[in-house]
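1. Fold the following for me, if possible:
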Amino acid sequence: MVSIHMWRNFTLSRRYLPGIGLTLALVLAAATLPWSHEQPRAATDVQVSIEQFGRYIETWSEPEGYFDSDNFISNETSYLHVVDDLHTRVTPGGVYVGVGPDQNLSYIVHTRPALAIITDIRRQNMLEHLWFKALLSLASDRTEYLALLVSREPPRVKAGAPLQDIFDAVSRSRTDEKLFLKNLTAVEKVLTDTYKLKLSPEDLSKIEYVYRTFWDENLQLRFSSIGRGNALNYPTFEEMLLETDRHGKQQSYLSSEELFQWLKKFEAENRLIPIVGDFAGPHALRSIGAFLKANGLHVAAFYTSNVEFYLFDRPTWTRYVANVKSLPIADDSIFIRSYFPNGRTHPLNVPGHRSTSLVSSIPRFVQDYDARRLESYWDVVKP
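-> Numbering: from 1, shown residues only. Sure, this is the predicted structure:
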């Protein structure tokens, strides 16, 4: 969930420094490649160089806005309930656009895009995704990744072990300040030396803040809003990663070694580009749309979380819809939304979950908006 203060009346904390014009040098195709244990393939023949990766982050980003939550992890326990819809409705090889932290990684492995762009009003969210990128670069498998994520010694776990067994082994592993600082240094080296990102001292400090929080709270980390003391109302990080689809099957990006290796390769190829941007802002989504049009690409899936709830029926709503219209879409392009009850239970809600995750058509949304059929937020999210 995204706080209302994140998306309404936000204040700018730094000025946007426009970068040089984009050099559009990608040769992109939309072929679907099978997953393979032996040779995990990311998606299609997209090439994003290290230099381009850093430049796109800089030139597509907007100034960050005010937020009242660190939002290290999601609280949308229903987020995997849409996996079947993603498999049947999303054509691999398109572009994924999303918001927020690592729930996007699970959506990405199930939609298999050619490119993924995460835009969030919080610069810290962009930095957290860069941190994920570094950890995926350093880890050879799920166990090493999880151990790095919470800065523990990698335990010995049988190949193909259930995710719960890996969690248990990692939680029991040794850790101390020396190990944490060693891992932090390794992360910074990957980002600044390998990927040559221009990170300020403030950026590096925020990455350390994110990493220390995961280290301190381990797999018991919870979503919380600043000053509200409401963390215990939300699930732990471990519980979020163990969530299932509507059939009771674990489907997070860490649920199998195959999904993890696919994502590791996807990140290594610089296909996940995190930026700073407001859904209703003047630059980020417009820049993405212009880039995709210039390269013959379209948005296949757009994960909005519940951001639209905070934009609806305000001046920001019109700007947001205009930004959506600026994106190239196809007949089968979809939104992935999260609905939290506002006096009305969603018919797709699964008992025991406060949130309801759903998939809906982007072209139909645009048609309904133009026809003035979206008179309330419920009209946006209803089946």
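
2. centroid residue for the protein?
-> residue 104 (3.2 Å; CA atoms, centre = their mean).

3. so who does that residue touch?
-> 96, 98, 116, 118, 303 (CB atoms under 8 Å, 6 or more residues apart in numbering). Backbone N, C-alpha and C define where each C-beta goes, glycine included.

4. try residue 357
-> 76, 78-82, 336-339.

5. Mind doing that once more with 6 Å?
-> Residue 357 makes contacts with 78-79, 81-82, 338, as judged by CB atoms under 6 Å, 6 or more residues apart in numbering.

6. beta partners of it?
-> residue 338 (DSSP bridges).

7. And the pLDDT at it?
-> The model reports residue 357 with a pLDDT of 98.

8. if we can go back for a sec, am I right that the residue nearest to the centre of the chain is in a helix?
-> Yes. Applying DSSP: H, G, I helix; E, B strand; the rest coil, one finds residue 104 inside a helix.

9. Tell me, how many residues neighbour the closest residue to residue 272 other than its chain neighbours?
-> Excluding its sequence neighbours, the residue lying closest to residue 272 (CB to CB, 6 or more residues apart in numbering) is residue 116, at 4.5 Å. For residue 116, the neighbour count with other CB atoms under 10 Å is 26.

10. which strand residues sit across from residue 116 in the sheet?
-> residue 96, residue 272.

11. Can you list the low-confidence ranges for the stretch 201-350 of the chain?
-> 225-232 (pLDDT under 70).

12. make it 80
-> Scanning the stretch 201-350 of the chain for pLDDT under 80 picks out the ranges 224-233.

13. Helices of that one, start to end?
-> 201-217, 237-241, 257-268, 284-294, 307-311, 315-325 (DSSP state H, counting those that start in this stretch).

14. And for the stretch 1-150 of the chain?
-> Using DSSP H, counting those that start in this stretch, helices in the stretch 1-150 of the chain cover 4-7, 50-60, 83-89, 103-111, 123-138, 142-149.

15. most neighbours per residue, which of the helices of the stretch 201-350 of the chain?
-> helix 307-311 (a mean of 23; mean count of other CB atoms under 10 Å).

16. list the helices and strands it packs on?
-> If you count contacts as 3 or more CB pairs under 6 Å, 6 or more residues apart in numbering; DSSP states H and E, helix 307-311 packs onto helix 4-7.

17. For residue 245, give me its contacts.
-> By CB under 6 Å, 6+ apart, the neighbours of residue 245 are 80, 83, 251.

18. Now with 7 Å, please.
-> Counting by CB atoms under 7 Å, 6 or more residues apart in numbering, residue 245 touches 80-81, 83-84, 251.

19. Same question for residue 251.
-> For residue 251, the contacting residues are 80, 83, 106, 110, 244-245, by CB under 7 Å, 6+ apart.

20. 8 Å instead, please
-> 80, 83, 106, 110, 243-245.

21. ok so, going back, which one of the helices of the stretch 201-350 of the chain lies nearest to residue 136?
-> Closest to residue 136 of the helices of the stretch 201-350 of the chain is helix 257-268 (CB to CB; 4.7 Å).

22. Check which residues of stretch 156-172 are buried.
-> Buried positions in stretch 156-172, judged by neighbour count with 16 or more other CB atoms under 10 Å: 157, 163, 166-167, 169-170.

23. nearest to residue 366, of the helices of the stretch 201-350 of the chain?
-> helix 315-325 (6.2 Å).

24. Now do the closest one: distance to the chain's middle.
-> In terms of CA atoms, centre = their mean, to the nearest Å, the centre of helix 315-325 is set 21 Å apart from its chain centre.

25. Against which helices or strands is that helix packed?
-> helix 284-294, helix 307-311, helix 362-370 (3 or more CB pairs under 8 Å, 6 or more residues apart in numbering; DSSP states H and E).

26. Format those helices as CSV; extra columns: distance to residue 235.
-> Output for these, formatted as CSV (distance: least, CB to CB, whole Å):
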stretch, distance to residue 235
helix 284-294, 30
helix 307-311, 20
helix 362-370, 29
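
27. Now do the contacts for the spatially closest residue to residue 309 that is not a sequence neighbour.
-> Nearest residue to residue 309, sequence neighbours excluded (CB to CB, 6+ apart): residue 377, at 5.7 Å. By CB under 8 Å, 6+ apart, the contact list for residue 377 reads 308-309, 312-313, 342.

28. In contact with residue 130, which residues?
-> If you count contacts by CB under 8 Å, 6+ apart, then residue 130 has 191, 197, 199, 207, 274 around it.

29. Looks like the first one contacts residue 198 (just checking).
-> No. Between residue 191 and residue 198 there is no contact, the gap being 10.0 Å when judged by CB atoms under 8 Å.
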